[in-house]
Every structure is written in structure tokens, then in C-alpha cells.
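J.: Please find the sequence and the predicted model below.
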Amino acid sequence: MSWLSDYDDPYERYDESLIRERPNPKANRPRTKQRPEHGDAHDGFVTSVDRGRYSVVIDEGGAQERSITCTRARELRKEAIVAGDRVDVVGDVSGNEGTLARIVRIQPRTTLLRRSADDSDEFERVIVANADTMLMVTAAADPEPRPRLIHRYLVAAYDAGVTPIMVVTKTDLADPQPLLAHFEGFGIETFFSTPDAPPVEALGKRLEGRISVAVGHSGVGKSTLVNALVPDAKRATGHVNAVTGRGRHTSSSTASYRIGGGWIIDTPGVRSFGLGHVDTASIIAAFPALAEVAATCPRGCTHLADAPDCAMAEAAEAGSLDSRLVSSMQSMLETLVTARQGRFDF
Ligand SMILES: Nc1nc2c(ncn2[C@@H]2O[C@H](COP(=O)(O)OP(=O)(O)OP(=O)(O)O)[C@@H](O)[C@H]2O)c(=O)[nH]1
Ligand SMILES: [Zn+2]
């Protein structure tokens, strides 16, 4: 069979029934059972996906760490395999020129970052698996910050159980505080970056050992930041790199960079974050204190600022909930509702 018939959308389609079944709402469990003949499989980490070919790192962190190219077993045809996935691999795992191994199993995921194609579309695509951190890059100016785009990132992160952290670049050009005021209630860990002082040390330490997914729209300085954090990342953009598999399709493919014992996954899949699939309750659940109060809201409460008898708003008023958290949440939910109504887009 030609590999062309195994073509993958880079943000592969995902069978929603899998999500409904998963016991842990923040992750999914692959359906495929490990077959006995794959007992000798190797552990791998998927760094990029390109047209049915997967770049997979074998012996991660070991003396023989290497990147190999894989295809996937026929029984996994309907499964989305994305950067960040940990997989079982069989076949020729030498990584020698021209060799091709085979992914036979997706290991259970801790998180799954998803998006829908657009805000009215409930069909989900998987972007990145197993990320524990979302590195949101935004500029204080040039381009103008887009608080509602950041709401989108946050919605996707909270929904997936991924911790968002923010890097505000270009603080040499403008005061970042007005932007940050939009999210102050969420208590997001924030770093600042200028060309003279990229937060290499502090951020490097924060990302050490993590799987981080980098998001940010064009021009905010994401590449500049990643290059500062990962000195050989630049080389990775110029030619096909052994670890990242990044090459010809630099602008349209996912790249994963080593940072300490962790990874930064930079993917174009997050440029547009359709929110059609997101359920309000799963975002509120990211804040247990909020979720507890929201459970006592009138049935079908939107929790928006104008919602009648919203327990969240009442608790903020009474001082039993952080009013900044409630107002940040109200404003983020407003973005979600507005987006769903098709009243704005990016
Ligand atoms: N003044 C200032 N300029 C910056 C800063 N960081 C990046 N830039 C400039 O902003 C421009 C865009 O930076 P990039 O790193 O290419 O931005 P990007 O987010 O990767 O954008 P794409 O490559 O389109 O995805 C470049 O001209 C950078 O030199 C900063 O902190 N301050
Ligand atoms: Zn409410």
C-alpha cells in the first residue's frame, strides 16, 4: 500500500466518541490494545508529523537518543497521533538513512490540547498531546495585543488541563500592564522579554523537564524567544534537523525543541483556536473554588456579568470569592459566547 493513502491532516481528525468515553476528562485512553507480538516495542516520543510520517525520538534522554522516521500501524489509522505523543515503536529503530519504523500503540495521554476548525464546528482536532504547560507569547505592542485571542488560548489550556504561562515580549515598546489587567484574576505566571534581556534563565528553569506548547500569533517574537531559549533551534529551521524533523515545511509543520530534559513544541496548529468544542463547565473546573460556587448557580446559568442570580457574581460581591477571578472569568466566557455567535474572528 502506498503511504500516500495514509495521508494525515497535520491536525488530525479525532473521533469524538473517544473523548466521551475517557475516564479522566483531561486525557483519553487509546482503544488499541497492545498486541503480544509487540512486546519488544521501543518507547518513542513524537516530535513532528508530516504527511503520514512521524518523527519519533527513541531512547529519550539516554546515550543513544536519536530521531527516527515512522509510519503507523494499520490498526491505528483512525487514531490521531500528534507531537507530544508517547508511542510504542517496532521495526528498524536504528534511525539509519532510509529506514522506517512503525508506531503500533499510543501510550495513555496525560493531556490533550484540541481545537475545532471554527467556532461553530463541534468537530475536534487534536493539536498536541501530553503538554503540561502552554507558553503563551504576546507582544506589549507591534502587533497590538489581542486580549481575546489570549482568551482563546486560555480556554483551550484550561479545558485541556494544561497550565498557561505568559511571556510578554517587546516591553521595551510599551507598558504591558493594560494587557495584563484583562487576566489578573487568573494568577498567570508572567515573564517579560526585551531584545536585550530575554528571560532565558528564569524561563529556561521554568520549562526544564516540561512539555510545553508554544502559542502566539505572527510577529509577536515567538521565534526570537525560542531561538534565545534553545540556541540550536535556529539551525533547526534552516534544514531538515535530525531531532525535529523540521525542514522544507518550516512554516507549516510542527517542531519540537529540546529544553533541558523537556520539550518546547511549536506548532502552527494553534494559530487559530476554534472553540466550538469547548464546554464552559470544563473551563470553570480549572478553578476549584469557582466550580464549587458555580455548582449552586441557577440551572443553565451562563455566568456572564449579566446573568440573573449567578452565584459566582454574588460570592464575588459578598467577598467569599476573589472578585478579580470572577471578573476575569466573566470576560473570558464573554469571549467564548461571542465567538460562538460568530460575532468576531481573528
Ligand atoms: N522591539 C522589540 N522587537 C522584538 C522583540 N522580540 C522580537 N522582536 C522583533 O519582532 C519581529 C518579529 O519577531 P519573530 O520572532 O520573527 O516573531 P514570530 O512571533 O516568530 O513571528 P512569525 O515568525 O511570523 O511566527 C522581529 O523583527 C524581531 O526582531 C522585542 O522584545 N522587542
Ligand atoms: Zn452562574
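T.: Arrived safely, thanks for sending. Numbering: from 1, shown residues only. Ligands and ions are numbered 1, 2, ... in the order given.
J.: use CA for all of it now, contacts and neighbours both
T.: OK.
J.: Roughly how far does residue 229 sit from residue 197?
T.: 12 Å (Cα to Cα, to the nearest Å).
J.: Tell me which of these two has more neighbours.
T.: Comparing residue 229 with residue 197 by other Cα atoms under 10 Å, the one with more neighbours is residue 229, at 21 against 10.
J.: residues contacting that one?
T.: 200, 203-204, 259 (Cα atoms under 8 Å, 6 or more residues apart in numbering).
J.: what about the strands in the protein?
T.: Along the chain, counting by DSSP state E, strands occupy 42-50, 53-58, 66-72, 86-91, 101-106, 112-116, 124-129, 133-139, 163-169, 189-192, 211-215, 255-259, 262-266.
J.: Which one of the ones you listed lies nearest to ligand 1?
T.: Closest to ligand 1 of the strands of the chain is strand 163-169 (Cα to the nearest ligand atom; 4.5 Å).
J.: what angle sits between the closest one and strand 133-139?
T.: Here strand 163-169 runs at an angle of 20 degrees relative to strand 133-139 (axes from the mean of the first three to the mean of the last three Cα atoms, to 10 degrees).
J.: Pull up the pairing partners for strand 163-169, direction included.
T.: When pairing is defined by DSSP bridges, strand 163-169 lines up against strand 133-139 (parallel), strand 189-192 (parallel).
J.: out of the ones you listed, deepest packed?
T.: strand 133-139 (a mean of 25; mean count of other Cα atoms under 10 Å).
J.: near ligand 1 at all, it?
T.: No. Figure legend: strand 133-139 not in contact with ligand 1 (Cα under 6 Å from any ligand atom); closest approach 7.7 Å.
J.: ok, how many other residues are close to the residue of the stretch 101-250 of the chain found nearest ligand 2?
T.: Among the residues of the stretch 101-250 of the chain, residue 185 lies closest to ligand 2, at 16.8 Å counting by Cα to the ion. Using other Cα under 10 Å, residue 185 is surrounded by 16 other residues.
J.: For it, give me its contacts.
T.: 322-329.
J.: Could you measure from it over to residue 331?
T.: 11 Å.
J.: Repeat that for residue 282.
T.: Distance from residue 282 to residue 331, by Cα to Cα: 16 Å.
J.: Likewise for residue 138?
T.: 19 Å.
J.: does ligand 2 sit close to stretch 281-289?
T.: No. Interface with ligand 2: stretch 281-289 contributes nothing (Cα under 5 Å from the ion), its closest point being 10.3 Å away.
J.: For that stretch, which outside residues touch it?
T.: 155, 158-159, 161, 290-291, 321.
J.: Show me where the stretch 151-300 of the chain dips below the pLDDT cut-off.
T.: 233-253, 268-273 (pLDDT under 70).
J.: re the thing from before, distance to ligand 2 and neighbour count added to the contacts of stretch 281-289, as JSON lines?
T.: Below are the contacts of stretch 281-289 laid out as JSON lines (distance: Cα to the ion, whole Å; neighbours: other Cα atoms under 10 Å):
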{"residue": "155", "distance to ligand 2": "17", "neighbour count": "26"}
{"residue": "158", "distance to ligand 2": "18", "neighbour count": "21"}
{"residue": "159", "distance to ligand 2": "18", "neighbour count": "25"}
{"residue": "161", "distance to ligand 2": "21", "neighbour count": "24"}
{"residue": "290", "distance to ligand 2": "10", "neighbour count": "20"}
{"residue": "291", "distance to ligand 2": "10", "neighbour count": "16"}
{"residue": "321", "distance to ligand 2": "13", "neighbour count": "17"}
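J.: Now, these that are in helices?
T.: Among these, the ones falling in helices (DSSP state H) are 155, 158-159, 290-291.
J.: Longest helix in the chain, please.
T.: Max-length helix for the chain by DSSP H is helix 323-340.
J.: I'd like the mean pLDDT over it, please.
T.: In this model, helix 323-340 has a mean pLDDT of 91.
J.: Begin at 163 from now on, thanks
T.: Understood, numbering begins at 163; the last thing we discussed is helix 485-502.
J.: Spell out which residues of the stretch 313-462 of the chain are next to ligand 2.
T.: Checking the stretch 313-462 of the chain against ligand 2 by Cα under 5 Å from the ion, the hits are residue 459.
J.: tally of neighbours for the one residue in the stretch 313-462 of the chain that gets nearest to ligand 2?
T.: Across the stretch 313-462 of the chain, the shortest distance to ligand 2 (Cα to the ion) belongs to residue 459, at 4.7 Å. Neighbour count of residue 459, defined by other Cα under 10 Å: 19.
J.: now the strands paired with strand 325-331 in a markdown table, with distance to residue 271?
T.: Formatted as a markdown table, the strands paired with strand 325-331 follow (distance: least, Cα to Cα, whole Å):
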| stretch | distance to residue 271 |
| --- | --- |
| strand 295-301 | 14 |
| strand 351-354 | 25 |
